[in-house]
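Q: structure for the following, please:
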Amino acid sequence: MKIDPLYRDRVRTEYNQLPEIWDKSDRWHQWAKRQIESEMLAIKTEVALDGPGSLVVDVGSAGNFYSFANVHRVDVDLAEKRIAGCPLAVCGNVEALPLQSQVADLTICVGSVLNYASLEEALFELHRVTKVGGTLIFQLELSNASEFIGTPAYAADAAFVSTFYRGEERLWVYSDSYVKRTLATTGLALCRVRYFHLLSSFFLRLTRRPDLAARIALFDWPWAKWRPAGRFADSGIYVCRRDSC
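A: Alright, predicted model coming up:
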């Protein structure tokens, strides 16, 4: 699948103009940020980054360091203004990263960056820059979300949809099963997935009120560990390991 260059340019312009990525008044996306931060804290205890030559590559970072501010890191973003203050900043597209192969002990791609890209091409690039034995963590919004029930997008491998982020937003969503099938072709081993916005996604469909539905997210946790959770989740955070060349 190829992403229209005009669409990519629109996304770049939009993100360059935003005052901030995580709007504190946006409860729905603030919950996503909390899930990302929680998973980052877990990753920090699992990945050794204090050795010589250790490197974190954060693709689509927008200047957000999460739990990895005091490490050797490269921040990559399509929107160059978002990473202007980063010590090692690279302007680039996740589908064609301007980085050498096997440089990262930890590769990060969160904040729904992959929803603006071709999933297959992006995952192959994220695999390429990750060292053998290294870790990749990525997050994206899924077509399994209840808000898409009754539409052709629901549980589709890939669908271009209208959703919301500071107003109406157009992006790609992918099904959980398609994500896992794509991972299987890349040489990345899936370690775990943190699903979120399950019940809250259902309430969003009923109410069309993201601020109200976000309050229900507190009750997602019993269902998030349920084996079929990916069939109903709005979003997932996938933690993978690169096992082979």
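
Q: from here on, contacts and neighbour counts on C-alpha atoms
A: Will do.

Q: the bottom helix or strand of the protein by mean pLDDT?
A: Least confident element among the helices and strands of the chain, by mean pLDDT, DSSP states H and E: helix 221-224 (a mean of 84).

Q: name the helices or strands packed onto the one helix or strand Leu136 maps to?
A: Using DSSP states H and E, Leu136 falls within strand 130-141. Using 3 or more C-alpha pairs under 8 Å, 6 or more residues apart in numbering; DSSP states H and E, the elements in contact with strand 130-141 are strand 104-109, strand 168-174, strand 235-242.

Q: would you mind finding the most buried of the ones you listed?
A: When those are scored by mean count of other C-alpha atoms under 10 Å, the highest mean neighbour count falls to strand 104-109 (a mean of 25).

Q: return the distance of that strand from the chain's centre.
A: Averaging C-alpha coordinates over strand 104-109 and over its chain gives two centres that are 12 Å apart (C-alpha atoms, centre = their mean, to the nearest Å).

Q: partner strands of it, parallel or antiparallel?
A: Here strand 104-109 has these sheet partners by DSSP bridges: strand 56-59 (parallel), strand 130-141 (parallel).

Q: how about low-confidence regions in the protein?
A: Counting by pLDDT under 70, the chain contains low-confidence residues at 245.

Q: switch the cut-off to 80
A: Of all residues in the chain, those with pLDDT under 80 make up the ranges 50-51, 244-245.

Q: C-alpha coordinates for stretch 216-226, PDB please?
A: C-alpha atoms of stretch 216-226 as PDB (Å, rounded to 0.1, in the frame of the first residue of the first chain):
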ATOM      1  CA  ILE A 216     -15.300   4.600  31.100                       C
ATOM      2  CA  ALA A 217     -11.700   3.700  30.100                       C
ATOM      3  CA  LEU A 218     -11.000   3.200  33.900                       C
ATOM      4  CA  PHE A 219     -13.100   0.000  33.700                       C
ATOM      5  CA  ASP A 220     -11.300  -1.400  30.600                       C
ATOM      6  CA  TRP A 221      -8.600  -3.200  32.600                       C
ATOM      7  CA  PRO A 222     -10.400  -6.500  33.300                       C
ATOM      8  CA  TRP A 223     -11.100  -6.900  29.600                       C
ATOM      9  CA  ALA A 224      -7.800  -5.700  28.300                       C
ATOM     10  CA  LYS A 225      -6.100  -9.000  29.400                       C
ATOM     11  CA  TRP A 226      -8.900 -11.100  27.900                       C
END
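
Q: may I see the buried residues of it?
A: Residues of stretch 216-226 classed as buried: Ile216, Ala217, Asp220, Trp223, Ala224 (neighbour count, 16 or more other C-alpha atoms under 10 Å).

Q: will you turn those into JSON lines that also has distance to Arg231?
A: As requested, those are arranged in JSON lines below (distance: C-alpha to C-alpha, whole Å):
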{"residue": "Ile216", "distance to Arg231": "18"}
{"residue": "Ala217", "distance to Arg231": "17"}
{"residue": "Asp220", "distance to Arg231": "14"}
{"residue": "Trp223", "distance to Arg231": "11"}
{"residue": "Ala224", "distance to Arg231": "11"}
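
Q: please enumerate the helices of this structure.
A: For the chain, the helices identified by DSSP state H occupy 5-17, 27-46, 119-129, 176-184, 199-207, 210-213, 221-224, in order along the chain.

Q: what would the strands paired with strand 104-109 look like in JSON lines with distance to Gln30 and mean neighbour count?
A: Putting the strands paired with strand 104-109 into JSON lines (distance: least, C-alpha to C-alpha, whole Å; neighbours: other C-alpha atoms under 10 Å) gives the following:
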{"stretch": "strand 56-59", "distance to Gln30": "20", "mean neighbour count": "24"}
{"stretch": "strand 130-141", "distance to Gln30": "14", "mean neighbour count": "24"}
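
Q: Throw those strands into JSON lines and include distance to Val47, thanks.
A: Putting the strands paired with strand 104-109 into JSON lines (distance: least, C-alpha to C-alpha, whole Å) gives the following:
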{"stretch": "strand 56-59", "distance to Val47": "10"}
{"stretch": "strand 130-141", "distance to Val47": "8"}
